[in-house]
Each structure stands twice: as structure tokens, then as C-alpha cells.
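Visitor: build the 3D model from these lines:
(chains A, B, C and D)
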Number of protein chains: 2
Amino acid sequence: MDETDRRLIAALQRDATTAYAALGKEVGLSAGAAHERVRKLRERGVIRRTTVDVDPAALGQGVLAFVMVESSAWMGDSADAFAAIPEIVEAHVIAGSASVLVKVRTATTEQLQDVLRRLYAIEGVRGTQATVSLETFFERPVAALDPSATPKAL
Amino acid sequence: MDETDRRLIAALQRDATTAYAALGKEVGLSAGAAHERVRKLRERGVIRRTTVDVDPAALGQGVLAFVMVESSAWMGDSADAFAAIPEIVEAHVIAGSASVLVKVRTATTEQLQDVLRRLYAIEGVRGTQATVSLETFFERPVAALDPSATPKAL
DNA sequence: GTTGAAATAAACCACAA
DNA sequence: TTGTGGTTTATTTCAAC
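Guide: Now for the predicted structure:
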């Protein structure tokens, strides 16, 4: 996992359709070498998958909200209950007063309300606190190149 | 934007390296027709880009936090100030007591603290409230197929 | 939308540093 | 162990229908 790997990752984050020849050129390697490095990054799980970034609004999911879920019990093995709600795109166990933080995308605020209803149906859920996003400044991949994030010690 | 487009999108979200021949087979189309539909989805901006999903921990960014940023002024055109902090992977203007909600990835909690310092340096920022994620249950793409999210009226 | 052919890229390999 | 260059295989891309 050196600087070249990070540059390959950054290039693939920008555009994963880039040909290996062009990818190699960008980092000073042959197509074959670039291919081999990317293959290993996938094999090691550094690159989890190749996917497409879709505009949620185009799929009719223009409403974005973050919901703090408070619970009366340990929520550590409730992942499946949250995953069963398709409108939830992220779920994290958090430190602090709430127990789980979920990110929700729906078409309308009525549907958001219905998601809250289904959240309350989860065993141990005591309350919810929803925060609606008015505008998304940006959503971007984790920085592969930022120096402050990649101490030399690693 | 019909059911076939949604199925193509769902397949590409799962694995964007799928060949058009296999993609077409999955939705009952020839490779050429599948290719043409995907090309149009890209052109219309429904599919924004093809990218790779990278494990943040493998990049040495194992700490995830959500930070509510309170402000004393309108933050609506401060997107650039937030984007200038590379550890911020998402920034949303929100309704409620705080003004902006940001998602932050760092290597250590010390670096998280440094991000908070840089947030305070942004014009108009009055306070921050950080919530650290203890465990991520899941992070997944927006649902392309869920019926509740795609009313027939659209 | 389909089929089929040409252009292009991916995957694989033997060899070299 | 990692990279190079060439060969084979597969896919993308672009016709004509």
C-alpha cells in the first residue's frame, strides 16, 4: 500500500471506467503492472467493488434525512432490522445519547414519516429525532491521497 | 426511466464491471440495447459516474464521526469552505438547531479534533457537536428498485 | 431493439529487473 | 516480488436492418 496504490485508487474513484493503459500512464506504470496492482487491491478488500453513483432525485428519492434513534436496549446486533428498511442507506451505532444514527432517502416527507413508524416497530427503539437536509453541499469518496490522512508510519 | 432502467441501475450498483451482454441478459435485452440504455442514463445524469467503493480503514481512516455545525450566520454559500477540508466526506445544510451536518473520516481522534478546529475557523461557525460512530452496520447505495420509493405516478 | 462485424480493452503469460 | 511487452481472449462500440 504505497503512494502508487493510492494514486491508482484516486484515479479509479474519479472514473472506474479508465482503461488500464491510461491508468498506468497516470502513475508511471505499464498497463500490465497497473492491472496487477488493482487486482491485488481488490483481492485484499481495499477496493470493495466497482459501482455506479446514481442521482437519488432521478430515482424519485429527493428527500434526505438523518435520524437519531434512541433505544432502551443494546442495539449492537440489530443490524438486520435496520437493513430490512430499504429507505435506510446507512446505519451506524453511535456514542452519545442516541444509540443508532441512520441516513434515510425517500420520495416524500410522508414516506419519511412511514420510515419513522417502521423504526419504532424495531425491538428496543424508544424514540427518534429526525433532521431533514435542505441542501446537500457535496458527497464524495474517502480521500485516498490526502497526506494528513496517511501518516508515514502506516 | 422505466422498470428496465431501474433494473439496469440496480445491476450496475451491485457490480459495474458486468459486461453489457450479461447485463442485457439479466433484463431481457441484447447487449447493444443494454449499452444504449446505460449510455442514455449516463448522458441524462441519472448515473453520475462509475467509481470504486474503498474500505476507509484500509486507507487509514478508521474513525468516522458526524458533526453538527452551529452557526451565527447563513451558511448557504459556504460549500467551498467545507469542501476545503479533505476529511469531510459529506456536508448538508439542515433544518433544526444546527446549520450544517458533516460526515468526517480521520485516522485518529486527534485528527478528528483537528478537523473541529478547522471547522471553527470557518466564518460564521459558532459551535460543533461531534458524534463518533462505534460501528457501521452498513452503507449502501440508494435503492433503485424498491417499489415504495418509485410511485407509478413518476 | 437486434444482429453481426470491427475496434478496443482486459486478461494472461513468459521473461526480465 | 514487481514490472514489461506481447499474445490471446473478451468486451465495447458502431454499423445496417
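Visitor: pop the domain breakdown of chain A in here.
Guide: Taking automatic domain parsing as the reference, chain A has its domains at A:3-43, A:56-133.
Visitor: skipping adjacent residues, who's closest to the residue sitting furthest away from the middle of chain A in space?
Guide: Most distant from the centre of chain A: A:Ser30, at 31.4 Å, with distances by C-alpha atoms, centre = their mean. Among residues not flanking A:Ser30 along the chain, A:Gly24 sits closest, at 5.3 Å (C-beta to C-beta, 6 or more residues apart in numbering or on different chains). Glycine gets a C-beta too; all of them are placed from N, C-alpha and C.
Visitor: now do the one you found: how many residues are near it, please.
Guide: For A:Gly24, the neighbour count with other C-beta atoms under 10 Å in any protein chain shown is 20.
Visitor: and for the one 5 residues further on?
Guide: A:Leu29 is flanked by 18 other residues according to other C-beta under 10 Å.
Visitor: kindly report the same for A:Thr17.
Guide: A:Thr17: 14 neighbours (other C-beta under 10 Å).
Visitor: so which bits of chain A are right by DNA strand D?
Guide: A:4, A:24, A:29-33, A:36-37 (C-beta under 7 Å from any atom of the strand).
Visitor: so where's chain A uncertain?
Guide: A:147-154 (pLDDT under 70).
Visitor: and the strands in it?
Guide: A:47-54, A:63-71, A:88-94, A:100-106, A:125-139 (DSSP state E).
Visitor: just put these in a markdown table and tack on distance to DNA strand C.
Guide: Below are the strands of chain A laid out as a markdown table (distance: least, C-beta to the nearest atom of the strand, whole Å):
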| stretch | distance to DNA strand C |
| --- | --- |
| strand A:47-54 | 10 |
| strand A:63-71 | 30 |
| strand A:88-94 | 28 |
| strand A:100-106 | 27 |
| strand A:125-139 | 26 |
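Visitor: which one of those strands is the most hemmed in?
Guide: strand A:100-106 (a mean of 24; mean count of other C-beta atoms under 10 Å in any protein chain shown).
Visitor: contacts for that one next, please.
Guide: A:56, A:61, A:63-69, A:71, A:75, A:78, A:82, A:87-94, A:112, A:114-115, A:119, A:130, B:66, B:131, B:133, B:137, B:142-143, B:149 (C-beta atoms under 8 Å, 6 or more residues apart in numbering or on different chains).
Visitor: which ones are touching A:Asp146?
Guide: Going by C-beta under 8 Å, 6+ apart, A:Asp146 touches B:86-87.
Visitor: in JSON lines, list the strands of chain A along with distance to B:Ile47.
Guide: Converted to JSON lines, the strands of chain A look like this (distance: least, C-beta to C-beta, whole Å):
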{"stretch": "strand A:47-54", "distance to B:Ile47": "5"}
{"stretch": "strand A:63-71", "distance to B:Ile47": "19"}
{"stretch": "strand A:88-94", "distance to B:Ile47": "17"}
{"stretch": "strand A:100-106", "distance to B:Ile47": "17"}
{"stretch": "strand A:125-139", "distance to B:Ile47": "15"}
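Visitor: quick one: the residue nearest the centre of chain A from B:Thr136, how far?
Guide: With distances taken as C-alpha atoms, centre = their mean, A:Glu90 lies nearest the centre of chain A, 7.1 Å away. A:Glu90 sits 7 Å away from B:Thr136, taking C-beta to C-beta, to the nearest Å as the criterion.
Visitor: all helices for chain A, in order.
Guide: A:3-14, A:20-27, A:31-43, A:79-83, A:109-120 (DSSP state H).
Visitor: would the fourth one count as contacting chain B?
Guide: Read that as helix A:79-83. Yes: applying C-beta under 8 Å from any C-beta of the partner chain, one finds helix A:79-83 in contact with chain B at A:79, A:82-83.
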